[in-house]
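Peer 1: model the structure of this input:
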Amino acid sequence: MALIVQKYGGSSVADAESIKRVAKRIVDTRRAGHDVVVAVSAMGDTTDELLDLAGQVAPIPAPRELDMLLSSGERISMALLAMAIHSMGFEARSFTGSQAGMITDATHGAARIVDVTPVRLKEALDEGAIVIVAGFQGFNRDTRDITTLGRGGSDTTAVALAAALNADVCEIYSDVDGIYTADPRVVPKARKLDVVTSEEMLELSANGAKVLYIRAVEYARRHGVLIQARSTFSSSVGTYVLGPGMTLPDGEGEEMEEPIVAGVATDLTQAKITVIGVPDVPGKAAEIFKVVAKSGANVDMIVQNVSIGATGRADISFTLPKTDAAAALKALAGDQPEIGFESLVHDDQIGKLSVVGAGMRTHSGVSATLFEALSVSGINIEMISTSEIRISVVLRGDDLAEAARLVHTAYGLDGASDAVVHAGTGR
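Peer 2: Numbering: from 1, shown residues only. Down below sits the predicted model:
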């Protein structure tokens, strides 16, 4: 008997029929002799609909009340799923995040898990029940308020439960059959990977891959949780995410040499800000990024050009989430006299393409393949950033999908047939 934690996303529990299908899968796992703990997201687009509703009644909703509102979506899912399991003749008990012992800091909207005390969950498991937990939410001991974990919070909930309960595996279910070499909605010929390292998955998630959220992958890597990404809509084994020293459930490790490139990630959620005419003297870049940091913006890529001799000034460009751009621009404009730059340019029509692979460390020519594939098609590169296992480039947003397909082909990642996306959302 194994203890299995399963997480089901919004598309997996989008309506009554979907909930019954998920319930059957959970019951089948229980019938196979395993203990089951389930973390569940809100139904379909419930969270987005609640956010829209909040925006209609208050231009800037109070963070505490917004968490109270948004956490209701998962409570609906967990109760309905427990009812469906009961109707199949199995005991199921649903728990909110606070009832499950999901303790967080006090940050509303983006709380971080600080402890998990699953006393009630263990009691329910000992009594033979299937446990259903509302994902995405927790509880702060000091304020005694409900908190939410931010986007992808249900993935993080599932991994945290798996770590606290010492589960054998954490199965993350969505509407794709696993982790692909690219987003199959963008690159139809993307291939499903059988295994990916947690190191590669962190880079893919950080650079636009949405099948697993980066906080969940970080938590799993830190606590030694084996993740299996699977589809609710098929019986495919999916993809295992192996952390350092981990082995597959059959006891086999990954002895084969790692592929040069594991996948291609795309991201259309970033904007670029260029600070024009910055005095080319020590300390000015520090001033700029201190101001940006105080605005709460999270900077990704940075490029500074060579200063023009006659003027002694340079331009600095950086990328950041589109949602952070307005605050960063306002903060920089407010400090323009002190910093002494000439002007600001905001560009929200960019796209980021990233090539990721642990094998890149020991293979030459990876960069040349990327640049040649883009050059042949006349796609211009605006910024470049690299790490030990990643190369990222910024392009025009309109070119991103074509660039992803070209690069995917150039690295020999194309599959024999088009990938299957069951529900079309990626959740």
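Peer 1: gap between the residue lying closest to residue 227 once chain neighbours are set aside and residue 137?
Peer 2: Closest residue in space to residue 227, ignoring its immediate chain neighbours: residue 241 at 4.0 Å, by Cβ to Cβ, 6 or more residues apart in numbering. C-beta coordinates here come from the backbone N, C-alpha and C atoms, glycine included. Counting by Cβ to Cβ, to the nearest Å, the gap from residue 241 to residue 137 is 24 Å.
Peer 1: try residue 279
Peer 2: The gap separating residue 279 from residue 137 is 48 Å, by Cβ to Cβ.
Peer 1: more neighbours: which of the two?
Peer 2: Neighbour count, other Cβ atoms under 10 Å: between residue 279 and residue 137, residue 137 has more, with 28 against 17.
Peer 1: just give the nearest non-adjacent residue to that one, would you?
Peer 2: With Cβ to Cβ, 6+ apart as the measure, residue 97 is the residue that lies nearest to residue 137, at 3.7 Å, once sequence neighbours are left out.
Peer 1: before we move on, back to that, so what's the residue nearest to residue 227 bridging to?
Peer 2: On the basis of DSSP bridges, residue 241 takes part in beta bridges with residue 196, residue 227.
Peer 1: residues in contact with it?
Peer 2: By Cβ atoms under 8 Å, 6 or more residues apart in numbering, the residues touching residue 241 are 179, 195-198, 201, 212, 217, 220, 226-229.
Peer 1: cutoff 7 Å now
Peer 2: The contact partners of residue 241, taken as Cβ atoms under 7 Å, 6 or more residues apart in numbering, are 196, 198, 201, 217, 220, 227, 229.
Peer 1: the last one - that's part of a helix, no?
Peer 2: No. Residue assignment for residue 229, taken from DSSP: H, G, I helix; E, B strand; the rest coil, gives strand, which places it outside any helix.
Peer 1: burial count for it?
Peer 2: Number of residues near residue 229 (other Cβ under 10 Å) recorded here: 27.
Peer 1: could I get the pLDDT score of the residue nearest to residue 227?
Peer 2: According to the predicted model, the pLDDT of residue 241 comes to 96.
Peer 1: tell me which residues of stretch 66-77 are tucked away?
Peer 2: With burial defined by 16 or more other Cβ atoms under 10 Å, the residues of stretch 66-77 counted as buried are 66-75, 77.
Peer 1: residue 42 against residue 74, yeah?
Peer 2: Yes. Using Cβ atoms under 7 Å, residue 42 and residue 74 qualify as a contacting pair, with a distance of 5.2 Å.
Peer 1: could you pull out the buried residues of whichever strand or helix holds residue 303?
Peer 2: Following DSSP states H and E, the helix or strand that holds residue 303 is strand 302-304. Counting neighbours by 16+ other Cβ under 10 Å, one finds that the buried residues in strand 302-304 are 303-304.
Peer 1: which elements pack onto the helix or strand that it is followed by?
Peer 2: Next along the chain after strand 302-304, taking DSSP H and E as the criterion, comes strand 313-321. Under the contact definition 3 or more Cβ pairs under 7 Å, 6 or more residues apart in numbering; DSSP states H and E, strand 313-321 sits against strand 270-279, strand 302-304.
Peer 1: between those strands, which gets the lowest average pLDDT?
Peer 2: When the mean pLDDT of each of the helices and strands packed on strand 313-321 is compared, strand 302-304 ends up at the bottom with a mean of 92.
Peer 1: and it, how far out from the chain's middle?
Peer 2: Mean C-alpha position of strand 302-304 versus that of the full chain (Cα atoms, centre = their mean, to the nearest Å) differs by 25 Å.
Peer 1: which secondary structure elements does it contact?
Peer 2: strand 313-321.
Peer 1: next one: phi and psi at residue 37?
Peer 2: Backbone torsions for residue 37, taken as degrees, to the nearest 10, come to phi -120, psi 130.
Peer 1: tell me how many other residues crowd it.
Peer 2: Residues near residue 37, counting by other Cβ under 10 Å, number 28.
Peer 1: check contacts around residue 318.
Peer 2: Applying Cβ under 7 Å, 6+ apart, we find residue 318 in contact with 273, 299, 301-302.
Peer 1: out of those, which is nearest to residue 284?
Peer 2: For residue 284, the nearest member of these is residue 302. The distance, counting by Cβ to Cβ, is 13.2 Å.
Peer 1: do you know how far that closest one is from residue 248?
Peer 2: Where residue 248 is concerned, residue 302 sits at a distance of 39 Å (Cβ to Cβ).
Peer 1: what's the answer for residue 45, then?
Peer 2: For residue 45, the distance to residue 248 - Cβ to Cβ - is 35 Å.
Peer 1: kindly report the same for residue 8.
Peer 2: From residue 8 over to residue 248 the distance is 23 Å, taken as Cβ to Cβ.
Peer 1: tell me which helix or strand residue 64 sits in.
Peer 2: Here residue 64 is assigned to helix 63-87, by DSSP H and E.
Peer 1: that helix packs against which elements?
Peer 2: Where contact means 3+ Cβ pairs under 7 Å, 6+ apart, helix 63-87 is packed against helix 16-31, strand 35-40, helix 46-57, strand 92-95, strand 130-134, strand 146-148.
Peer 1: please redo it, this time with the cut-off set to 10 Å
Peer 2: Based on contacts counted as 3 or more Cβ pairs under 10 Å, 6 or more residues apart in numbering; DSSP states H and E, the elements that helix 63-87 packs against are helix 16-31, strand 35-40, helix 46-57, strand 92-95, strand 130-134, strand 137-139, strand 146-148, helix 153-165.
Peer 1: out of those, nearest to residue 322?
Peer 2: Between residue 322 and the helices and strands packed on helix 63-87, the tightest spacing by Cβ to Cβ is seen for helix 46-57, at 16.2 Å.
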